[in-house]
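Q: What follows is a predicted structure for the sequence shown.
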Amino acid sequence: MKTLVLFDIDGTILSSSGAGRAAMERALEQTFGVPGDPSYHYDGKTDKQIIRESMRLAGVADDVIEANIDLVIERYLEGLRGELADGKRSVAMYEGVAELIDAVDARDDMVLGLLTGNVEPGARLKLSTVGLDFDRFVVNAFGSDHETRGELPSVAHRRMRETFGVELAGRDVIVIGDTPADVQCGRALGARAIAVATGRYSVEALREHEPYAVFPTLRDTNAVLEVICA
């Protein structure tokens, strides 16, 4: 039996110092003439959800959003590539993340994966910027697979079955993330959420959403592995 360990990217694996938001706002302005409200929070949401919700708040009609959403993603990826390559932003993994990924990857009873609101090409760009090999992540679910984050654990669960022929119990799916959305998204499946306070939310704020466990950082590899194996 295996455990599927799914990492969120932004705020969990790495910080891109606002590169994603800058690229998205530019793409929205290029397409709709408005960058969106600066108070609207991106964390815990899929890329297409961000486009749809922020443009609805800006008064753009749903049919106009739908007709242009793929163009926004295309422009966003082009902008993200430039933002990550120009060296003006400090893009880095959080402390302890590389060690935890290595530890999970080295175990025969665990499968390393991603669960992220990023569309797949955006996830690839961000991971490559911090020197992580995308191909190490075997079973994944992206914002390009479904616009609703709550559907992504089921996507990963299905891919686990297709890849390994294993029908996991819900508790054998671990979601590691930094937002309440990460904590909540796997509940219907019975997945366990490990929350980490490296993003916008504190340990106390995350604990209110009743994750299986919560850590201030992922620095203590052994402690996180103990929770995964419990």
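A: That came through fine.
Q: Could you pick out the longest helix of this protein?
A: The helix spanning the most residues in the chain, taking DSSP state H as the definition, is helix 62-85.
Q: helices or strands next to that helix in the packing?
A: Using 3 or more Cβ pairs under 8 Å, 6 or more residues apart in numbering; DSSP states H and E, the elements in contact with helix 62-85 are helix 19-32, helix 47-57, helix 120-129. C-betas here are computed from N, CA, C, even on glycine.
Q: now the angle from that helix to helix 19-32?
A: Between the axes of helix 62-85 and helix 19-32, defined by axes from the mean of the first three to the mean of the last three Cα atoms, to 10 degrees, the angle is 140 degrees.
Q: which residues sit against helix 62-85?
A: Under the criterion Cβ atoms under 8 Å, 6 or more residues apart in numbering, residues 16, 19-20, 22-24, 26-28, 30-32, 47-48, 51-52, 55-56, 89, 91, 119, 121-122, 125-126, 129 lie in contact with helix 62-85.
Q: that older thread, could I get the helices and strands packed on helix 62-85 as JSON lines with mean pLDDT?
A: Putting the helices and strands packed on helix 62-85 into JSON lines (pLDDT from 0 to 100) gives the following:
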{"stretch": "helix 19-32", "mean pLDDT": "97"}
{"stretch": "helix 47-57", "mean pLDDT": "97"}
{"stretch": "helix 120-129", "mean pLDDT": "97"}
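Q: Who are the contact partners of the most centrally placed residue in the chain?
A: Nearest to the mean C-alpha position of the chain, counting by Cα atoms, centre = their mean, stands T116 at 2.5 Å. Residues in contact with T116 (Cβ under 8 Å, 6+ apart) are 7-10, 123, 140-143, 152.
Q: Now, these that are in helices?
A: Using DSSP H, the members of the contacts of T116 that fall in helices are 123, 152.
Q: Put the buried members of the contacts of T116 into a ChimeraX selection.
A: To isolate the buried members of those in ChimeraX, using 16 or more other Cβ atoms under 10 Å:
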select :7,8,9,10,123,140,141,142,143,152
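Q: now, which of the contacts of T116 sits nearest R161?
A: Nearest to R161, judged by Cβ to Cβ, of those is A141 at 13.1 Å.
Q: surely the closest one meets N118?
A: No - if you go by Cβ atoms under 8 Å, A141 and N118 don't touch, sitting 10.6 Å apart.
Q: Could you tell me which ranges of the chain sit under the pLDDT cut-off?
A: Judged by pLDDT under 70, the chain has no weakly predicted residues.
Q: The same query, at a cut-off of 80, please.
A: The model of the chain has pLDDT under 80 over residues 1.
Q: bridging residues for the nearest residue to I174 once chain neighbours are set aside?
A: Excluding the flanking residues, the one nearest I174 by Cβ to Cβ, 6 or more residues apart in numbering is V5, at 4.7 Å. Beta-bridge pairing for V5 (DSSP bridges): L112, I174.
Q: residue contacts, V5?
A: Contacts of V5 were listed using Cβ under 8 Å, 6+ apart, and they are 104, 110-113, 174, 176, 228.
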